[in-house]
Each structure stands twice: as structure tokens, then as C-alpha cells.
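Student: dropping a prediction and its sequence here:
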Amino acid sequence: MSLPTTITVTIAFLVVAGLILPSVHSLSNSKPNFQDIVSKMRADLPQPKTASPSVSSSNIDYASPPSCVAQEARSLNLFSTTPLIHSAPLSRLCHPHPVFLKLDLLQPSGSFKDRGMAHLCTTVQKMHNSASNSDTTDRMKVISSSGGNAGLAVTTVARNIPKMDVSVIVPETTKPLVVEKLHSLGAEVTIHGKNWNAADALARQWVDDAKKSGGGAVYVSPYDNPLLWTGHSTVIDEIITQLLEQSFDQATTQTNNMKIGAVLASVGGGGLLCGILEGVERNYHGSNEIRSNLVRGTKVVACETEGASSFAASFNSDDGSIVCLDGINSIATSLGATSVTPAVIQRSRRHRDRGEISSSGDDVMSFVCTDGEAVQGCVQFASDHRMLVEVACGAALAPLYSDRLRAKLLDQLKDNEDSVIVVEVCGGSGCNKGEHHAAGSAPTKKRIPAGLTFSPAEATKTKDMISISGLRLKSTNHKRGETSDIVGAARVTFEEGSFRPFSLMALMLHYNYTLARATC
């Protein structure tokens, strides 16, 4: 027998939680009050239309959304109009409902957060410039304490706005690759504290210091600000426009019966869901009856993982009070908000109540999946569409890929056959291809099992993911050499014939590990 050759592959996929704290703060007494200005910007919405007229391609204004939302940010190309694609594999699973994917993972920073950050940054800069007493506007700074999707988004946006600087304070636990990426995008990065709370405390201290010195800077919340929600709402404007365009591309001359049956989105702190509900409501009450009819009866599906289901806890409470989780116990760290913004509960209940009063079917549904179901959603999505997304995004895919959750969803849509299902594919900025290092190779006749080494903290989470992914599992204690369940420090071996690339991808998404593949 020839000597075994070992190939060691180290693969690191990074997911950094975009944790949360509310509000935007002005750092100068001379600057306008942002909340007052935002309140003045929000006009009362008109009453909804009741007619559902016939439609032809000649009387629909495709190019214009119901209002010029985030027009300045869009004109500066600070966020993208992302593709809406039909998914044949998911449509087969969800027959008779066509499934469309809104690919916000293709935003410049890799997540939907570019939408809200672009609208927020352009708005606060405009306020700053208006309040400036000098002939030439001063530079201003935006401050974020998130090293996750929000930090990457605000940095990506701010670097393309003249005279805007960005400072990101991240905790010591932030992955070096993320810090490097923030630096490369032009952010001033400070590493401080053992966790996000400590980093955020420093950010707020900087806010206070700047306020005392009269500096021009604002604190940017990862999710809890009306300007963010309005920016995020543009995703619904685009979805409606793109669906109408596709219907006429397919030679359809009547679209009055077209309906968006459900919009699925992952929920962390509630910013994206606030934006989706705002976009649905704006189009529902808008003057364009075709757009209004398209979202009449739409069910918005709030998707979370077990251990990070703060929205479900609050939304399902008797009085709708905000429930704060004791902690986060999920690998979907981008959903790691212990509590949601109160606004998302208010908007969700308003949407649901409107459906009950009008009998139109409008509703908000809370779907909670396991980590394993979310990971399997990511894996199957990669197999079907050749795109990698975070496990947090996998929570929105799980209701379609999981047999258990899909049955529940389709049952809710049974009275609205042929309605469209739309998934907001919110992001993949936490995924990284990784580096591959080969130690050698040799011709082989037979491949013996592959082994993965995990830390004790990762072991129990890994067991569920491997079984969900269809891999037959063995584990061996390093010291005793005994086969046992995955507890403590363990070495996982895959039986011959069970090594499948897309099963293994489930493990790649969130764990740093060494794969030792021996051949003989």
C-alpha cells in the first residue's frame, strides 16, 4: 500500500452580525433635528382605490415608481436596481405559484442595506449642507458601530459621496478580513471592546464629544431609522415594476388578475421588514390602480431562525409589546438582534388589520426555521442558482426549500392560486471564497473518509447541519479514540460514498476548519 497523501484545505467563511441600536443623532446644536424633519417629510397617505381595471402596455408607466423615493441616492448610483429573476426550481416546488428572486445580494456592498444607507447618507448630507454657514460646505462624518453588513454598506455608500467621511468602530471579535475590507473601502476603523455593545458605547461617546465641540457628524444606526426604512422600501417599487414589465414581455395584455401572493424576507432588527411594509403600503394607497391591485392581499412573511426570533416573540405576544431575548443562540449572526424596533410591530399589525377589515387577505406571517433548515436553504440555493448567500438570508429561503415550512406557506396561499411568490435575497457579504492551500497530492485508487476538526463550541451546532445536509456522521474522541456523538472536541469523519460537495458547503458557510483528505 502506498503512503497516504494529505491535502489540507483551510476554508473560512465570515459572517459578522450587524447588531443594533436605535436612532440617528445630530452632533451639533446648530444642525436641524432629524426626527422633526423626517416627520414633516411624511405626508398622510390617500385612501386606497377599489377598482381593478384592465391593463394594456400603452397605459402603464413602467419607468416611474409611485413616488420619487430615494431619487437623489439613485441618481448618484449609490445603490443598484437589482435583477428580479424567475426561479424554475423553486416554481416547481411551489406549483402553481411562480417564484421570483429579488437579487439584492448584487448590491455594491453585497447586501440590501445599501438602499437605506444611500438614502440616509444623502439626506443627512443635504441637511448638513443647508445648515452650513460657510460658502463652501464643510466635510461631515458618519459614524457606525457595526462591522457587519451595515458597516460595509455605510462605508461603500459614503466613499462615493463628496466630502463625507466614515468611521466604523468594531469589537475585538471582528474578523481581520472584515477590518481589512473596511480599510480598503476608505473607512477609519477603530477596534474597541470585547463585544459590539462596548464598541457602540465608544461610538456614542464620540457623538457626545463631537456635539460639545460643534463638529458635523451623525451616528448611523444599522436599522432603526425612518430614512433607512424609506430607502429599503424601494425594493417593493422595483419588484412591482419588474413584474409588470415581465408580464408584457410574455405577451400578456391583461394584468388585473396578477397578484403578489407573498413576499419573503429575513428579519433581524426589523429595518428591511419596515421598508417592505412601507413599500407595500405606498403602492397599495397610490394613485396607480394597477400597482395598487398587484399588492392587494399580499402576505409579508417575516423569516427568522430559532435562537434569533425576536420578531416572532414580539409579534405573537398578546399586546404586541417588545420582547427582548436573553441572548442569541443561532449561527445566523446577522439576525442577531435581541429585540426589534417597535415600528416593525406597529407596521406589521397595521398591515394584518387592514387585511382583516377589508377581507383582502393582507397579512404578516412569522416563520421560524432551524439553523439546519436555513443552511440547507443556502446550500440548495447555491446548487440551483450558483450564488452564495449568508445563513441569515437562508432563513428567507427555508420556507420554500423546507418541506415542513413550504406546506405551511402554500396552505396560506391556497385561496390565491397562481399568485406570485417573491423572495428578497437580501445578502451575501458575509460569504467569502476563502483561500486554498495544497500540501500535495498523489494518484489514487480509493478515497478514504475525510475528517473535519471543530472547536467544542462549534461541535453541537455542526451535528444538526451535517445530518440536515444528508451526510452520514461518525465522530471520534481525539484522546481516547472512541466513537461518540459530537460533544466537546471531536473529529468528524464522512463515510465513503457520503462525501458530496454541496453537503460540505453547509459546513463551509460558517465554520473555520481544516479538511484533511487522505488517499491511498
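Tutor: On my side now, so go ahead.
Student: where does this structure dip in pLDDT?
Tutor: 1-67, 132-137, 147, 173, 197, 216, 248-256, 430-520 (pLDDT under 70).
Student: Val218 should be in a helix, yeah?
Tutor: No - under the criterion used here (DSSP: H, G, I helix; E, B strand; the rest coil), Val218 is strand, not part of a helix.
Student: what is the burial count for the closest residue to it other than its chain neighbours?
Tutor: Counting by C-beta to C-beta, 6 or more residues apart in numbering, Val218 lies nearest to Val124, which is 5.1 Å off, once chain neighbours are set aside. Any C-beta I mention is one placed from the backbone N, CA and C, and that applies to glycine too. For Val124, the count of nearby residues is 25 (other C-beta atoms under 10 Å).
Student: bridged to Cys303, which residues?
Tutor: Ser266, Phe367 (DSSP bridges).
Student: so it makes contact with Tyr401?
Tutor: No - using C-beta atoms under 8 Å, Cys303 is not in contact with Tyr401; the gap is 11.8 Å.
Student: more neighbours: these two, which one.
Tutor: Cys303 (33 against 22).
Student: sorry, back to before: any idea how far the residue nearest to Val218 lies from Pro226?
Tutor: Per C-beta to C-beta, to the nearest Å, Val124 is found 12 Å from Pro226.
Student: same thing with Glu304?
Tutor: Taking C-beta to C-beta, one finds Glu304 at 23 Å from Pro226.
Student: in which helix or strand would I find the closest residue to Leu228 other than its chain neighbours?
Tutor: Closest residue to Leu228 apart from its sequence neighbours, by C-beta to C-beta, 6+ apart: Gly116 at 3.4 Å. Taking DSSP states H and E as the criterion, the element that holds Gly116 is helix 113-131.
Student: in that helix, what counts as buried?
Tutor: 113-125, 127-128 (16 or more other C-beta atoms under 10 Å).
Student: got a list of contacts for the following helix or strand past that helix?
Tutor: Sequence-wise, the next helix or strand downstream of helix 113-131 (DSSP H and E) is strand 140-144. By C-beta atoms under 8 Å, 6 or more residues apart in numbering, the list of residues contacting strand 140-144 from outside reads 121, 124-125, 128, 150-151, 154-155, 158, 163-169, 203, 206-207, 210, 215-220, 222.
Student: and stretch 267-276, what's buried?
Tutor: Result for stretch 267-276 [16+ other C-beta under 10 Å]: buried residues Val267, Gly268, Gly269, Gly270, Gly271, Leu272, Leu273, Cys274, Gly275, Ile276.
Student: strands of the stretch 1-150 of the chain, start to end?
Tutor: Using DSSP state E, counting those that start in this stretch, the strands of the stretch 1-150 of the chain run over 5-11, 25-26, 84-86, 99-103, 140-144.
Student: about what we covered before: more neighbours: which of Glu304 and Pro226?
Tutor: Glu304 (28 against 22).
Student: now do the same contact list for the more buried one.
Tutor: Ser266, Val267, Ser310, Phe311, Ala312, Leu335, Ser366, Phe367, Val368, Cys369, Ala395.
Student: show me which of these is closest to His95.
Tutor: Checking the contacts of Glu304 against His95 with C-beta to C-beta, the nearest one is Phe367 at 19.7 Å.
Student: list the contacts for the closest one?
Tutor: Leu264, Val301, Ala302, Cys303, Glu304, Ala398, Pro399, Leu405, Lys408, Leu409.
Student: which of those ranks first by neighbour count?
Tutor: Most neighbours among the contacts of Phe367, by other C-beta under 10 Å: Cys303, with 33 neighbours.
Student: please, which helix or strand holds Leu202?
Tutor: helix 196-213.
Student: in that helix, what's buried?
Tutor: Judged by neighbour count (16+ other C-beta under 10 Å), helix 196-213 contains these buried residues: Trp196, Ala199, Asp200, Leu202, Ala203, Arg204, Trp206, Val207, Ala210, Lys211.
Student: and the last one, how far from Ala131?
Tutor: Distance from Lys211 to Ala131, counting by C-beta to C-beta: 14 Å.
Student: also Gly269?
Tutor: 29 Å.
Student: also Pro89?
Tutor: For Pro89, the distance to Ala131 - C-beta to C-beta - is 52 Å.
Student: what does Arg115 give?
Tutor: 25 Å.
Student: my guess is Pro89 contacts Arg386. True?
Tutor: No - with contact defined as C-beta under 8 Å, Pro89 does not reach Arg386; the gap is 11.7 Å.
Student: who has more neighbours out of the two?
Tutor: Just comparing Pro89 and Arg386: by other C-beta under 10 Å the higher neighbour count belongs to Pro89, 15 against 7.
Student: look up the closest residue to the more buried one, ignoring the ones flanking it.
Tutor: Leaving aside its sequence neighbours, Pro89 sits nearest to Asp384 (C-beta to C-beta, 6+ apart; 4.3 Å).
Student: dump the residue contacts of that neighbour.
Tutor: Asp384 touches Ser87, Pro89, Leu90, counting by C-beta under 8 Å, 6+ apart.
Student: against Ala88, how distant is it?
Tutor: In terms of C-beta to C-beta, Asp384 sits 8 Å off from Ala88.
Student: thank you kindly, that will do.
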